[in-house]
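S.K.: sequence plus predicted model, see below.
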Amino acid sequence: MEGQARAPAAGTVLNALATGRGSAFAIDEYTTATVELSTEREDVTGEVAGAPDADTRLVERCVEYVIDAHGGAVGMPAVSGGTVRTESEVPMASGLKSSSAAANATVMATLSALEATDRMTREDMARLGVMAARDVGVTITGAFDDASASMLGGVTVTDNESDDLLAREEVDWDVLVWTPPEQSFSADADVDRCRQIAPMARLVEDLALDGDYQRAMTVNGLAFCAALGFDTEPIVEGISQVEGVSLSGTGPSFTAVGDRQALEQVREYWDERPGRTLLTTTQTEGTQTQ
Ligand SMILES: Nc1ncnc2c1ncn2[C@@H]1O[C@H](COP(=O)(O)OP(=O)(O)O)[C@@H](O)[C@H]1O
Ligand SMILES: O=C(O)C1=C[C@@H](OP(=O)(O)O)[C@@H](O)[C@H](O)C1
């Protein structure tokens, strides 16, 4: 019993660490999960291709949750364990939602291995991954904003306290990403500092719920760079040319969206910085079985 799925990374419109409400958009960069289930094994073990020391508890917990929910159901094989292997183009702990992509790909791959992808809505698949992320402590709010964008594609606005989807829209943007070489784990973010900028986060939420995602994103970027101690210079370099530019999640990556030529110009500035730049697009299909 084998299943495979791939889930897109995402960038931030509104970081949910200030108010519990967040917004994110899927981008055309992927994490693939391959799950093999067994009726003989009693445990689930995970592996991340190219990262032997990576923390695999999130993807293992995702497989366990799906097995618990569907593994022994009427007409389903009584699976009790298995393996999960992820391969990822998404840099880990860089603000590009590697955790949401890994969880979504794993949940869907496990359901696919059970031939049970029609037993859950895609929103609920994302919620299962969020539950697993909360369990293993890789998130502050659960990050249903990021999980829903990666699962459904497009841009989403969510309430991460109730795991409700407040809005979803399909967008077609060019996207520039700058990823510095450092990592920044969400679980280590200074949440108290983020809560202090709640009035700005509420303004960003209003803009996003009005569909003004790109301006929302820039306000988010300036506010969260200030709260989390990131340099605002990458934003200033892009702000006059692009439609939106922000720190993504808790950093250290930045994303900009807008006209492709403008993004190419901003890329020249960002290429001077350490790390990698990537010119890509938004993604609207979300997580898919392979
Ligand atoms: N490809 C992957 N396979 C398994 N787990 C992953 C993978 N990518 C990320 N994770 C999990 O997500 C954690 C990083 O999450 P987080 O700090 O929120 O970063 P990000 O902003 O990239 O989502 C990792 O420590 C690991 O537990
Ligand atoms: O852990 C969390 O609850 C969150 C982490 C942040 O994302 P990253 O994981 O990309 O830093 C943030 O953007 C998101 O709204 C909520």
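M.R.: Looks like it came in fine. Numbers count the residues shown, from 1 in each chain. Ligands and ions are numbered 1, 2, ... in the order given.
S.K.: in the longest strand belonging to the chain, what counts as buried?
M.R.: Secondary structure of the chain per DSSP state E: the longest strand is strand 21-38. Neighbour-count burial for strand 21-38, counted by 16 or more other CB atoms under 10 Å, picks out 21-37. To be clear about C-beta, it is placed using only N, CA and C from the backbone, and glycine gets the same treatment.
S.K.: contact residues of the chain facing ligand 1?
M.R.: Where the chain comes near ligand 1, counting by CB under 6 Å from any ligand atom, the residues are 31, 48, 54-56, 58-59, 86, 88, 92-100, 102, 138, 185-186, 249.
S.K.: which residue ranges of the stretch 51-200 of the chain form strands?
M.R.: Applying DSSP state E, counting those that start in this stretch to the stretch 51-200 of the chain gives strands spanning 81-88, 155-159, 164-169, 174-179.
S.K.: so which of the residues of the chain next to ligand 1 are in helices?
M.R.: Counted as lying in helices by DSSP state H, out of the residues of the chain next to ligand 1, are 58, 59, 98, 99, 100, 102.
S.K.: who touches residue 134 in this structure?
M.R.: Shown in contact with residue 134 (CB atoms under 8 Å, 6 or more residues apart in numbering): residue 142.
S.K.: now name the helix or strand holding residue 270.
M.R.: Assigned by DSSP states H and E, residue 270 belongs to helix 260-271.
S.K.: can you give me the neighbour number for residue 206?
M.R.: For residue 206, the count of nearby residues is 11 (other CB atoms under 10 Å).
S.K.: is any part of the helix or strand encompassing it close to ligand 2?
M.R.: Here residue 206, judged by DSSP H and E, is contained in helix 198-209. No: using CB under 6 Å from any ligand atom, helix 198-209 stays clear of ligand 2, with a minimum separation of 9.9 Å.
S.K.: for ligand 2, what are the nearby residues on the stretch 1-150 of the chain?
M.R.: For the stretch 1-150 of the chain, the residues in contact with ligand 2 (CB under 6 Å from any ligand atom) are 12, 15-17, 22, 95, 97, 139-143, 145-146.
S.K.: show me what the helix holding residue 206 is packed up against.
M.R.: Helices and strands touching helix 198-209, by 3 or more CB pairs under 8 Å, 6 or more residues apart in numbering; DSSP states H and E, are strand 2-14, strand 21-38, strand 155-159, strand 164-169, helix 213-228.
S.K.: count the residues that sit near residue 236.
M.R.: Around residue 236 there are 12 other residues, counting by other CB under 10 Å.
S.K.: that one is in what secondary structure piece?
M.R.: With DSSP H and E as the test, residue 236 turns up in helix 233-239.
S.K.: outside of that helix, which residues touch it?
M.R.: By CB under 8 Å, 6+ apart, helix 233-239 touches 176, 178, 218, 221-222, 225, 245-247, 254, 256, 266, 269-270, 273.
S.K.: of these, list those near ligand 2.
M.R.: For ligand 2, no contacts are drawn from the contacts of helix 233-239 by CB under 6 Å from any ligand atom.
S.K.: if I look at the closest residue to residue 99 other than its chain neighbours, how far off is residue 152?
M.R.: Leaving aside its sequence neighbours, residue 99 sits nearest to residue 138 (CB to CB, 6 or more residues apart in numbering; 5.2 Å). Residue 138 sits 21 Å away from residue 152, going by CB to CB, to the nearest Å.
S.K.: how many neighbouring residues does residue 182 have?
M.R.: Neighbourhood size, residue 182 [other CB under 10 Å]: 12.
S.K.: ignore the last one, residue 42
M.R.: Residues near residue 42, counting by other CB under 10 Å: 7.
S.K.: surely it forms part of a helix?
M.R.: No: Residue 42 is assigned coil when assessed by DSSP: H, G, I helix; E, B strand; the rest coil, not a helix.
S.K.: and it, how close does it get to residue 109?
M.R.: Plainly put, residue 42 is 20 Å away from residue 109 if you go by CB to CB.
S.K.: over to residue 177?
M.R.: 25 Å.
S.K.: those two: who's more crowded?
M.R.: Neighbour totals were compared for residue 177 and residue 109, and residue 109 leads with 33 against 26 (other CB under 10 Å).
S.K.: ok, now which ones touch residue 27?
M.R.: Residues in contact with residue 27 (CB under 8 Å, 6+ apart) are 8, 9, 10, 11, 96, 175, 177, 255, 280, 281, 282, 283.
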